[in-house]
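1. build me a model from this:
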Amino acid sequence: MPASDTDLANAIRALAMDAVEAANSGHPGMPMGMADVATVLFTRYLKFDPADPAWPDRDRFVLSAGHGSMLIYALLNLTGYARPTMDDIRRFRKLGSPCAGHPENFELAGVEATTGPLGQGFAMAVGMAVAERHLNAVFDDSLVDHNTWVISGDGCLMEGINHEAVGLAGHLGLGRLNVLWDDNKITIDGATSLSTSEDIPARYRASGWHVVSCDGHDTADIARAMDEALADPRPSLIQCHTIIGKGAPNKQGTSATHGAALGAAEVAAARETLGWTSAPFEIPADIRDTWLAAGARGGAVRKEWQVRLANHSDRAEFERRMAGDLPAGDVVSKAFSGWTSTPQNVASRKSSELALDVMTPLVPEMLGGSADLTGSNNTKAKGQQPLTRDDYAGRYVYYGIREFGMSAAMNGMALHGGVIPYGGTFLVFSDYARPAIRLSALQQVRVIYVMTHDSIGLGEDGPTHQPIEHLMSLRMIPNLDVYRPCDAVETAECWALALEKKNGPGLLALSRQNLQQLRTGGEMLSAKGGYRLREANAARRVVLIATGSEVHVAVSVADRLEEHGIGADVVSMPCTSRFDAQSDEYRADVLPEGVLRVSIEAGVTWGWERYTGDAGLRFGIDGFGASAPIEPLYEHFGLTAEAITPQIIAALN
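-> Numbering: from 1, shown residues only. Below you'll find the model as predicted:
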């Protein structure tokens, strides 16, 4: 006999209690409270196959309330995924176990997104739903026809990013998105009434969502609500009225179950309340078999899909996109076309637009957008049509003033697969997007950030809009390649490098002001991260290291030094992380010992000592900017050849 829904849900509760108790760390309350909802979802509704976790047409499930990670670990184990094993779960939150404190997409198949920073999982799910609709419009129902399911807690719905994500999803009419709200009215501090009195369902309805509620412990009522959500063409919020820590008789319904082990006495009492007699980490055979049968039900659906794929006229293109492989052909050389013979003395944001005009037709999976700065970021290529609720085949998303929501949605698109998202804003507003940029790097996804107005060179908008510390702080994020190209050729190279990297994001910092083209085509020099742009004529005594618009300043400084008989190399360093990855020999050749090394960048000087050494010189801005035209600003901050050259000569003497 198959086990009952209650027995299946209690298996989740038992594993959550046991794992958290063994670790003496974790969040048992949410998995125990949402066990009934998760049971209905995974046994009746979610389309998945543990035998092929990467099946492209599977439903996507995102545990936005990532602190309740034992919920997804229990579900993956019970439904038959290869991992986590029961031993993995026994070692929950221990070094070496894939069952980390919060779910990580790179640790376990079946974990679609790295969650824990509240609200971001929800927003990434919006991106997944966008990718599903876009690919459906491109390839049709036979290849792409699935839903995105989310479990969110009260905290996810309070975070500011939730408002951005809800507004975007409602505007785009993402009816394949279904959010299961764990409405238990408890946060770490206590009752939600301590901090909020918002009418959340009204907010969602006002944003174009369908809202339905259910008793989160009545499986029939849960199924009714899910059916209603699936039938509605709008994105759905399913308000699940639950009891946090359900089954723990003395602590359920309180914040005591939220973020700490229940304790041996309460675990014993919960086992008695639930009628659970098995030893810790043991699942009765009938319950195990019923769960495994639920996990196996997707196998036949997947095989039917594979037959459709095998006979589909676009099979090769679909498989290429889902594999993340770029189209055959040299995108870089095509992006260079016309630039070597006719120099483009334009802003690097314009160079980026020119590169996009070439690349977006060649790489049809590129899906662009901007946070309401399209005309400033130059992110819309020729021929790109908007992606709307009426035309999901469009390849340009108008995100509105939602920098954080845009960035998280792009993470979701990349995690879904089949698209390469890029999106723009001003570099200074990377502060709004930074938590999502960090998750791009942590999740190892190919997301490209186009950040324009990269310095005081933006001029009169003043210090609120002039990035100072941003470049160096972004370079500190592991696995994020920050590119600051100096001209049109470097811009094309940096775009190509960002596109080619499958396992991490790239960020292009681009100028508002025009930049003289310093190079023609040839070898892909930006791939080294830093390279000798100009070699000294006189005996080398100085190496000038610069990025972006300041490379032009360095060239002018070198000219003046050469006039004084002082040999000066000019090193352009568009990407410090790529330079750091080069061999010791290469780096020593580009930045040799025994010469004065000088950095020039219109940002903080902190961090440049790793390249100049303590004895070198560092020219930059260690305060905030000012409101003025570009020329007076560069003069005021001493970022001109006239100001820098005499200081170098003095240091040499």
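
2. name the element residue 618 belongs to?
-> Using DSSP states H and E, residue 618 sits within strand 617-619.

3. quick one: list the elements packing against that strand.
-> If you count contacts as 3 or more CB pairs under 8 Å, 6 or more residues apart in numbering; DSSP states H and E, strand 617-619 packs onto strand 596-600, helix 641-652. Quick note: C-beta positions are derived from backbone N, CA and C, even for glycine.

4. relative orientation of the last one and strand 596-600 in degrees?
-> What it means is helix 641-652. Angle between the axes of helix 641-652 and strand 596-600 is 150 degrees (criterion: axes from the mean of the first three to the mean of the last three CA atoms, to 10 degrees).

5. average pLDDT for helix 641-652?
-> For helix 641-652, mean pLDDT is 98.

6. mind listing what's buried along stretch 552-571?
-> Across stretch 552-571, burial judged by 16 or more other CB atoms under 10 Å covers 552-558, 560-562, 566-571.

7. quick check, nearest of the residues you listed to residue 269?
-> residue 571 (67.8 Å; CB to CB).

8. show me where the stretch 201-350 of the chain has strands.
-> Here the stretch 201-350 of the chain has its strands, by DSSP state E, counting those that start in this stretch, at 210-215, 236-241.

9. ok, which of those strands comes nearest residue 368?
-> Residue 368 sits nearest to strand 236-241 of all the strands of the stretch 201-350 of the chain, at 28.0 Å, using CB to CB.

10. and that closest one, what does it pack against?
-> Here strand 236-241 touches strand 177-183, helix 200-206, strand 210-215, helix 219-231, going by 3+ CB pairs under 8 Å, 6+ apart.

11. so residue 509 belongs to a strand, correct?
-> Yes. Counting by DSSP: H, G, I helix; E, B strand; the rest coil, residue 509 is found in a strand.

12. show me the contact partners of the helix or strand bottoming out on mean pLDDT in the chain.
-> Here the helix or strand of the chain ranked lowest by mean pLDDT, DSSP states H and E is helix 331-336, holding a mean of 75. Contacting residues not belonging to helix 331-336 are listed as 355, 358-359, 362-363, 489, 492-493, 495-496, 499, 521, 524 [CB atoms under 8 Å, 6 or more residues apart in numbering].

13. residue 357 and residue 379 touch, don't they?
-> No. Using CB atoms under 8 Å as the test, residue 357 is too far from residue 379 to be in contact (11.4 Å).

14. when the two are compared, which one has more neighbours?
-> residue 379 (26 against 15; other CB atoms under 10 Å).

15. relative to residue 296, how far out is the more buried one?
-> Going from residue 379 to residue 296 by CB to CB, to the nearest Å gives 45 Å.

16. how about residue 316?
-> On the measure of CB to CB, residue 316 and residue 296 end up 30 Å apart.

17. please enumerate the helices of the stretch 251-400 of the chain.
-> For the stretch 251-400 of the chain, helices defined by DSSP state H, counting those that start in this stretch occupy the ranges 264-274, 285-296, 298-310, 315-323, 331-336, 348-362, 374-377.

18. out of those helices, which is closest to residue 383?
-> helix 348-362 (7.0 Å).

19. which of residue 316 and residue 296 has more neighbours?
-> The neighbour comparison of residue 316 against residue 296 (other CB under 10 Å) goes to residue 296, with 14 against 9.

20. was I right to think the more buried one contacts residue 80?
-> Yes. Taking CB under 8 Å as the definition, residue 296 is a contact partner of residue 80 at 6.7 Å.

21. overlap in contacts of the two?
-> With contacts defined as CB under 8 Å, 6+ apart, the residues adjacent to both residue 296 and residue 80 are 50-51.

22. in terms of pLDDT, where does the closest residue to residue 520 other than its chain neighbours sit?
-> The spatially closest residue to residue 520, leaving aside those adjacent along the chain, is residue 340, at 4.3 Å (CB to CB, 6 or more residues apart in numbering). If you check residue 340, the pLDDT there is 70.
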